[in-house]
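Student: one predicted model, sequence on top.
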Amino acid sequence: MTVKALSDALSLTVFTLPDPDRAVSGGYSGDLLSWVMGRAGENHAWLTIMSNQNVAAVALMADLACVILTEGVTPDEDLLRRAGEQMINLLGTASPTFEAALALGEQLK
Amino acid sequence: METIKLVYPVDGGDLIEAGEASSKMKLTLKRLGLPPDVIRRASICMYEGEINMVIHADGGEAQVEVGMDEITIRMTDTGPGIPDVDQAMKEGFSTAGPTARELGFGAGMGLPNMKRYADELAIETEVGRGTVVTMKLKIPS
Ligand SMILES: Nc1ncnc2c1ncn2[C@@H]1O[C@H](COP(=O)(O)OP(=O)(O)O)[C@@H](O)[C@H]1O
Ligand SMILES: [Mg+2]
């Protein structure tokens, strides 16, 4: 499914969506950046509460499909700018990380 | 294709801005048309190395050579060096301070990630003089 379709299905907040047709093939949840780079797969959706601009760099390096900020977290200004510049899809949800992961899993079934 | 040599300075001052060298390298590897998997692995290796130079060594320089069948990333700094490389290679070992940790770094998984994603990893280091981390990645044909 595409990031746009996922975002619509879960009614996610769109912070920036420069690459809406990108395919999502799985998910990873975590806030320690090196764990994400070591464990998340290419085209995964990344659930995190980290909101600084290094999040965009990690998503770029690891070829992630999108970042979903959970727990109502919003991106800081620099993250928003860098995500736009680097074609990183940045979404959000008020749901707790666990609930968001369950909902993502449902969509990817 | 002739060997292409790229040089990227890494500014030690700013952890928030870190990643510029890795981002630029990634763009260049894409332009060269290398396979996505090797670009992804090289990018993660370079980013981990770049972050380490910023957190632990006050910056340095990354040299990247792209040859016919191999990418070589050499990251050189004149920081404090690593007293015990075996210990540094262990998952979870980190001397990162609170500022780095607040930003999501300092999980002690950087060197293990480099080992995981590079085909070869070599660390030359001397306490008080600096560190050279060399990573080689084979380009599948
Ligand atoms: N370039 C470097 N200069 C000095 N020390 C380093 C360097 N790279 C790594 N280290 C040391 O090795 C440890 C482990 O590195 P790493 O696995 O990347 O974890 P982290 O960066 O999260 O601490 C660091 O905490 C630091 O003590
Ligand atoms: Mg590190």
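Tutor: Ah, there it is. Ligands and ions are numbered 1, 2, ... in the order given.
Student: and the strands in chain B?
Tutor: B:4-11, B:59-66, B:70-77, B:120-126, B:130-138 (DSSP state E).
Student: which stretch among the ones you listed comes nearest residue B:49?
Tutor: Nearest to residue B:49 among those is strand B:70-77 (4.2 Å), distances taken as Cβ to Cβ. In short, each C-beta sits where N, CA and C put it, glycine included.
Student: who are the packing partners of that closest one?
Tutor: Where contact means 3 or more Cβ pairs under 8 Å, 6 or more residues apart in numbering or on different chains; DSSP states H and E, strand B:70-77 is packed against helix B:36-57, strand B:59-66, strand B:130-138.
Student: near ligand 1 at all, stretch B:9-24?
Tutor: No. Using Cβ under 6 Å from any ligand atom, stretch B:9-24 stays clear of ligand 1, coming no nearer than 10.2 Å.
Student: can you tell me if that stretch touches chain A.
Tutor: Yes. With Cβ under 8 Å from any Cβ of the partner chain as the measure, stretch B:9-24 is seen reaching chain A through B:15-19, B:22-23.
Student: list the buried residues of that stretch.
Tutor: Using 16 or more other Cβ atoms under 10 Å in any protein chain shown as the test for burial, stretch B:9-24 gives B:10, B:12, B:15-16, B:18-19, B:21-23.
Student: follow-up on the earlier one: got JSON lines for the strands of chain B, with distance to ligand 2 and mean pLDDT too?
Tutor: Conversion of those to JSON lines gives the following (distance: least, Cβ to the ion, whole Å; pLDDT from 0 to 100):
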{"stretch": "strand B:4-11", "distance to ligand 2": "13", "mean pLDDT": "96"}
{"stretch": "strand B:59-66", "distance to ligand 2": "13", "mean pLDDT": "98"}
{"stretch": "strand B:70-77", "distance to ligand 2": "12", "mean pLDDT": "98"}
{"stretch": "strand B:120-126", "distance to ligand 2": "12", "mean pLDDT": "98"}
{"stretch": "strand B:130-138", "distance to ligand 2": "11", "mean pLDDT": "98"}
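Student: residue B:82 touches residue B:123, doesn't it?
Tutor: Yes. Taking Cβ atoms under 8 Å as the definition, residue B:82 is a contact partner of residue B:123 at 6.9 Å.
Student: which one's more surrounded, these two?
Tutor: residue B:82 (23 against 17; other Cβ atoms under 10 Å in any protein chain shown).
Student: what's the closest non-adjacent residue to the more buried one?
Tutor: Nearest residue to residue B:82 in three dimensions, chain neighbours excluded: residue B:125, at 4.5 Å (Cβ to Cβ, 6 or more residues apart in numbering or on different chains).
Student: next, count neighbours for that neighbour.
Tutor: 19.
Student: try residue B:26
Tutor: 23.
Student: cool, thanks, signing off.
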